[in-house]
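> this is a predicted model, with the sequence first.
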Amino acid sequence: DSGVTQTPKHLITATGQRVTLRCSPRSGDLSVYWYQQSLDQGLQFLIQYYNGEERAKGNILERFSAQQFPDLHSELNLSSLELGDSALYFCASSLGGLETQYFGPGTRLLVL
Amino acid sequence: EDQVTQSPEALRLQEGESSSLNCSYTVSGLRGLFWYRQDPGKGPEFLFTLYSAGEEKEKERLKATLTKKESFLHITAPKPEDSATYLCAVPWNTDKLIFGTGTRLQVFP
C-alpha cells in the first residue's frame, strides 16, 4: 500500500459526459501528479500540482482540467468524453520535486 | 528529443534463470532514474532510485545499476511472483517523469 488513495476504482460512462476523479496524496506529500495509461501509449504525464499551484503540464487535453485543494487532495475533471479517453488514470504523490513518486491504485475509466 | 527506451519488450524466463532488463535514456543532465514494478491493472510500485553512474541498489532478487547512458535491472534466480511489467523513468524539465514502455516479464515454474 503506497498510501495514495484514488476514487472511484472503476467508472463507466457515455461519450459526451463529464467525470471527476479524486486523489488523496500520502501524508506529508505536497506534490500530486496525474498520469494516463492506455494500452497503446504507456504511462503519459498529464499535470502536476505542488501545494495548490500548477507546476508542470504534460500532454493534457483542453477538455481535461485539474486542481489541488487546500487539504492537498486533487481532482481531475474530464469533460466531453470520447471513446479514446478510456484508460487507467493514476495519481502519484511526492514530497516535492525530484523525490520518489508513489502511485495510487488508479481509476479505470470506460467510455461507451 | 529526450526519451527512455526499454528492452526487451517481453521476456520469458524459467524459474531460477537469471537475466537483465535494459533501460537506456537520452536526457541530458540526469537527475535520477527510477525503477517501478507494475502488475496488471494496478498502480506502479516503486523499486529503486539511482542518482549517479556506478550506483547500485538491491532488493531481494533484484539489483539495479546505472551508467551514464543506461540502467540495468538484474533479476537473479527469479520466481513466478516476479512476473510483472518493469518500468523505468527519468525526470525531464521540471518534475515530470518520462516513462519507458516497460519490459513485460513472465517467469514460469
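Okay, I see it.
> wait, B:Trp92 touches B:Phe99, no?
No. Using C-beta atoms under 8 Å, B:Trp92 makes no contact with B:Phe99, being 10.4 Å away. To be clear about C-beta, it is placed using only N, CA and C from the backbone, and glycine gets the same treatment.
> run through the bridge partners of A:Thr5.
A:Ser24 (DSSP bridges).
> ok, B:Lys96 next?
B:Trp92.
> give the contact list for it.
Contacts for B:Lys96 (C-beta atoms under 8 Å, 6 or more residues apart in numbering or on different chains) come out as A:45, A:48, A:56, A:58.
> list the helices and strands the helix or strand hosting the second one packs on?
Following DSSP states H and E, one finds A:Gln48 within strand A:42-50. In terms of contact count using 3 or more C-beta pairs under 8 Å, 6 or more residues apart in numbering or on different chains; DSSP states H and E, strand A:42-50 is assigned the packing partners strand A:31-38, strand A:53-57, strand A:64-68, strand A:74-78, strand B:96-99.
> pLDDT at the closest residue to chain A within chain B, what is it?
The nearest approach of chain B to chain A comes at B:Gly43, 3.7 Å away (C-beta to the nearest C-beta). pLDDT, B:Gly43: 95.
> share the number of residues neighbouring it, please.
Neighbourhood size, B:Gly43 [other C-beta atoms under 10 Å in any protein chain shown]: 22.
> I figured it hits A:Thr107, correct?
No. Using C-beta under 8 Å, B:Gly43 is not in contact with A:Thr107, being 10.2 Å away.
> any residues in contact with both of those two?
With C-beta under 8 Å, 6+ apart, B:Gly43 and A:Thr107 have common neighbours A:Phe90.
> near chain B, which residues of chain A?
Residues of chain A found near chain B (C-beta under 8 Å from any C-beta of the partner chain) are A:2, A:4, A:31, A:33, A:42-45, A:48, A:50, A:55-56, A:58, A:88, A:90, A:92, A:94, A:97-98, A:100-106, A:108.
> hmm, who's touching stretch A:46-59?
Contacts for stretch A:46-59 (C-beta under 8 Å, 6+ apart): A:30-36, A:44-45, A:60, A:64, A:66-70, A:72, A:74, A:76, A:96-97, B:93-96.
> start and end of that stretch, how far apart?
End-to-end distance for stretch A:46-59: 5 Å, by C-alpha to C-alpha, to the nearest Å.
> centre of the chain to that stretch, how far?
A distance of 10 Å separates the centroid of the chain from that of stretch A:46-59, by C-alpha atoms, centre = their mean, to the nearest Å.
> do the same with stretch B:3-21
Using C-alpha atoms, centre = their mean, the offset of stretch B:3-21 from its chain centre is 9 Å.
> how about A:Gly84, secondary structure?
When classified by DSSP: H, G, I helix; E, B strand; the rest coil, A:Gly84 comes out as helix.
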